[in-house]
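S.K.: Turn this into a model:
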Amino acid sequence: MPAHTRLIRISALLTLITLLTTACGEDRDERRAEHTEGDISDASNDTDAGQTTPDGHDVPDLVDETWDGRLPEACRTAPRGKRPTAAEPNIPNLDREYTIELARWNIQHNAPNHVQTTDAINAAITWAHENNYGTVHLPAGLYIVGKPTNNKYTEAIKLPGNIAFVLDDAAIIEMAPNDTWNYCVVEVSGKTDVIISGGTIRGDRDEHIYEGGGAHDEGHTICVWQESERVRIENTTLTHGTGDGILIVGGGDDGSSSKNITIRNNNIHNQRRQGVSIVGGTNVVIENNEIHHIAGTAPQFGIDIESLKYNSQDILIHNNHFHANKGGDFVNMDGKNVWFEYNICDQTGVDGRQTDGPIVHWTQTDQVIHGNTITVTTGSSNGRWGIIGYGTNERKNPAANYIINNTFHGGGIHMANTTRMHVTGNTINDWLILGTDVSCLLFDDNKINYQGGENYKFRRMLGTAQDNLLNDQSFDLPMSPDEPFTNSPPHMW
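M.R.: Model prediction:
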């Protein structure tokens, strides 16, 4: 694997979080109210196997098949987590709406005094919140914002809790050019029940001053952190940050997370580092977005789950369109019960090869990768793998990984140095499936359409296989859970 696959720069992000905890610490008592798990859309999403999602997709049958006598008791897995959901924001006065009066607050379009514009918009939002308005509208226009707080951080729009901030379709909030390594164009810090919707939120990527040391990769268009809860970001264009489209982070405590975050129907593109970074997020739903042209500084993924000292689990990534992302489309470093389903991943448009992707999962993670369409056109530094697992022979996670019912064009599946894999029902067009040193493998009903050479390429595999096809003909893989199976000679590795 490439040496730079270790992703977010840990020291920089932890420094930022310490800064925010000290300088921007919010009174979290405001949002400690009890809450109930909700839906990710108007229809219920608490679906079981055999049912369908609200948008009509099948929910996979993940009944554990390893206890029908085909695999030994030692391969027993932990129960699979439910398909994740996120509770929706509950804003008491949502129907009470206020449109920011530009003349009253002395807010001008494209004004050179971006500090004054920042203060005025924040003052208008605060006034509306204090006067029990649940929805605040920002009219059409270009608003240049940015207020340096020190030599490392530039703040901009800071939202309170219990608010829907709705941008006109022709409204653009843009970060003023600056030289700080971190900023948030719109920030939700330690708040509950927030909606951000509409318009365009833009960073300063093209005009940023990349001087003074550091990577300058922490300029984000939206930040959700300090254990915020019930936040929805929808119908928004997020572009040109020096860092991420959306950054989700926990709080100051080990194991913390921001919770119940929904990211829906957005266009996230031309971010320099990531489309979405989850650095401590629980019950996160990312659905129906277009995430593309992420490139500039590592890791350059569409979505990256990498929790550092925080906790990320129960994450649904559903029905998104990923394309032309330099690093890859999705990487899971440490997330648990992650469902990546019915997405389109397409390398078309990548400048050169992808670094790692399209889909990468690491040793201790567990996920359901289901129903996706994955097109490999340029390959990556790892080869032509649509899904690759980085393993170490020390996987301690008792949950299984499921790779089921995916369709690949020009790329295949790579699995190595791992255990408890359930790989079934996949169709590989014009490439192969490779496995080495995998145990407790359930490998059924896969299909390869390829005339170019090796197809099912296995070395030291322990498990069971049945009903697999090569070019529409039955292909026998006499695998056993007791004796390592190899069908590829050493000189082919």
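
S.K.: Could I get the full set of strands for the stretch 101-250 of the chain?
M.R.: 135-138, 141-145, 147-148, 153-155, 157-158, 163-167, 171-175, 182-189, 192-197, 200-202, 218-225, 229-234, 237-239, 244-249 (DSSP state E, counting those that start in this stretch).

S.K.: Residue 92 is nearest to which of these?
M.R.: strand 192-197 (8.4 Å; CB to CB). Heads up, the C-betas are built off the backbone N, CA and C, glycines and all.

S.K.: Would you confirm that residue 227 contacts residue 257?
M.R.: Yes. With contacts counted by CB atoms under 8 Å, residue 227 reaches residue 257, the gap being 7.0 Å.

S.K.: Name the residues contacting each of these two.
M.R.: Shared contacts of residue 227 and residue 257, defined by CB atoms under 8 Å, 6 or more residues apart in numbering, are found at residue 250.

S.K.: shouldn't residue 317 be in contact with residue 342?
M.R.: No. In this structure, residue 317 is not within contact of residue 342 by CB under 8 Å, at 9.4 Å.

S.K.: Between these two, tell me which one has more neighbours.
M.R.: Comparing residue 317 with residue 342 by other CB atoms under 10 Å, the one with more neighbours is residue 317, at 32 against 21.

S.K.: burial measure for residue 349, as a count.
M.R.: 12.

S.K.: Show the secondary-structure elements that the host helix or strand of residue 303 is packed against.
M.R.: In this assignment (DSSP states H and E), residue 303 forms part of strand 301-305. Packed against strand 301-305, as judged by 3 or more CB pairs under 8 Å, 6 or more residues apart in numbering; DSSP states H and E, are the following elements: strand 274-279, strand 290-292, strand 328-332.

S.K.: Please repeat the previous calculation with a cut-off of 7 Å.
M.R.: strand 274-279, strand 328-332 (3 or more CB pairs under 7 Å, 6 or more residues apart in numbering; DSSP states H and E).

S.K.: Report how many residues lie close to the nearest residue in space to residue 486 that is not next to it in sequence.
M.R.: Among residues not flanking residue 486 along the chain, residue 459 sits closest, at 4.8 Å (CB to CB, 6 or more residues apart in numbering). Applying other CB under 10 Å, we find 19 other residues in the vicinity of residue 459.

S.K.: Looks like residue 313 contacts residue 282 (just checking).
M.R.: Yes. Counting by CB atoms under 7 Å, residue 282 is a contact partner of residue 313 at 5.6 Å.

S.K.: the more surrounded of the two?
M.R.: Per other CB under 10 Å, whichever of residue 313 and residue 282 has more neighbours is residue 282, with 26 against 21.

S.K.: can you confirm that one is in a strand?
M.R.: Yes. The assignment for residue 282 is a strand, going by DSSP: H, G, I helix; E, B strand; the rest coil.

S.K.: ok, now which ones touch it?
M.R.: Residues near residue 282 by CB atoms under 7 Å, 6 or more residues apart in numbering: 257, 259, 311, 312, 313, 314.

S.K.: Need the nearest residue in space to it, chain neighbours excluded.
M.R.: Residue 282 sits nearest to residue 257 (CB to CB, 6+ apart), 4.3 Å away.

S.K.: What confidence value was assigned to that neighbour?
M.R.: On pLDDT, residue 257 comes in at 98.

S.K.: Ok, residue 49 next?
M.R.: Residue 49 is assigned a predicted lDDT (pLDDT) of 55.

S.K.: and if you look at residue 317?
M.R.: 98.

S.K.: Ok, the one 5 residues further on next?
M.R.: The predicted local confidence for residue 322 comes out at a pLDDT of 98.

S.K.: so who does it touch?
M.R.: Counted by CB under 7 Å, 6+ apart, residue 322 has contacts 291, 292, 302, 329, 343, 344, 345, 346.

S.K.: what about the residue lying closest to residue 279 once chain neighbours are set aside, neighbour count?
M.R.: Of all residues not flanking residue 279 in the chain, residue 249 sits nearest, at 4.6 Å (CB to CB, 6+ apart). For residue 249, the count of nearby residues is 27 (other CB under 10 Å).

S.K.: was I right about residue 249 contacting residue 228?
M.R.: No. With contact defined as CB under 7 Å, residue 249 does not reach residue 228; the gap is 9.1 Å.

S.K.: and for those two, which residues touch both?
M.R.: By CB under 7 Å, 6+ apart, residue 249 and residue 228 have these common neighbours: residue 258.

S.K.: roughly how far out does stretch 339-357 sit from the chain middle?
M.R.: 13 Å (CA atoms, centre = their mean, to the nearest Å).

S.K.: in it, what's buried?
M.R.: Within stretch 339-357, the residues scored as buried using 16 or more other CB atoms under 10 Å are 339-343, 345-347, 350, 353-357.

S.K.: re the thing from before, tell me which element the residue nearest to residue 486 is part of?
M.R.: In the assignment (DSSP H and E), residue 459 maps to strand 456-466.

S.K.: Which elements pack onto that strand?
M.R.: Partner elements for strand 456-466 (3+ CB pairs under 7 Å, 6+ apart): strand 433-444.

S.K.: got a list of what the residue nearest to residue 454 when sequence neighbours are not counted touches?
M.R.: Nearest-residue entry for residue 454: residue 432, 5.7 Å, with adjacent residues in sequence omitted and distances by CB to CB, 6+ apart. Applying CB under 7 Å, 6+ apart to residue 432 gives the contacts 412, 448, 450, 454, 455, 456, 457.

S.K.: Report the distance from stretch 161-176 to the chain centre.
M.R.: With CA atoms, centre = their mean, you get 22 Å for stretch 161-176.

S.K.: Put the alpha carbons of it into PDB.
M.R.: Output in PDB follows, covering the C-alpha atoms of stretch 161-176 (Å, rounded to 0.1, in the frame of the first residue of the first chain):
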ATOM      1  CA  GLY A 161     -29.100  25.600  18.200                       C
ATOM      2  CA  ASN A 162     -32.800  25.200  17.300                       C
ATOM      3  CA  ILE A 163     -32.400  27.000  13.900                       C
ATOM      4  CA  ALA A 164     -32.900  26.300  10.200                       C
ATOM      5  CA  PHE A 165     -30.500  28.500   8.200                       C
ATOM      6  CA  VAL A 166     -31.900  28.600   4.700                       C
ATOM      7  CA  LEU A 167     -29.900  30.200   1.800                       C
ATOM      8  CA  ASP A 168     -31.600  31.400  -1.300                       C
ATOM      9  CA  ASP A 169     -30.700  29.300  -4.300                       C
ATOM     10  CA  ALA A 170     -28.700  32.300  -5.500                       C
ATOM     11  CA  ALA A 171     -27.000  33.100  -2.200                       C
ATOM     12  CA  ILE A 172     -23.300  32.500  -1.900                       C
ATOM     13  CA  ILE A 173     -21.300  32.600   1.300                       C
ATOM     14  CA  GLU A 174     -17.600  32.800   0.500                       C
ATOM     15  CA  MET A 175     -14.600  32.800   2.700                       C
ATOM     16  CA  ALA A 176     -12.400  35.800   2.300                       C
END
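
S.K.: who are the neighbours in contact with residue 52?
M.R.: If a contact means CB under 7 Å, 6+ apart, then residue 52 has 58, 59 as its contacts.

S.K.: so how many other residues sit close to the closest residue to residue 301 other than its chain neighbours?
M.R.: Distances taken as CB to CB, 6+ apart place residue 327 nearest to residue 301, at 4.5 Å, with adjacent residues excluded. When neighbours are defined as other CB under 10 Å, residue 327 has 28 of them.

S.K.: what sits against residue 327?
M.R.: Residue 327 neighbours (CB under 7 Å, 6+ apart): 298, 299, 300, 301, 354, 355, 356, 357.
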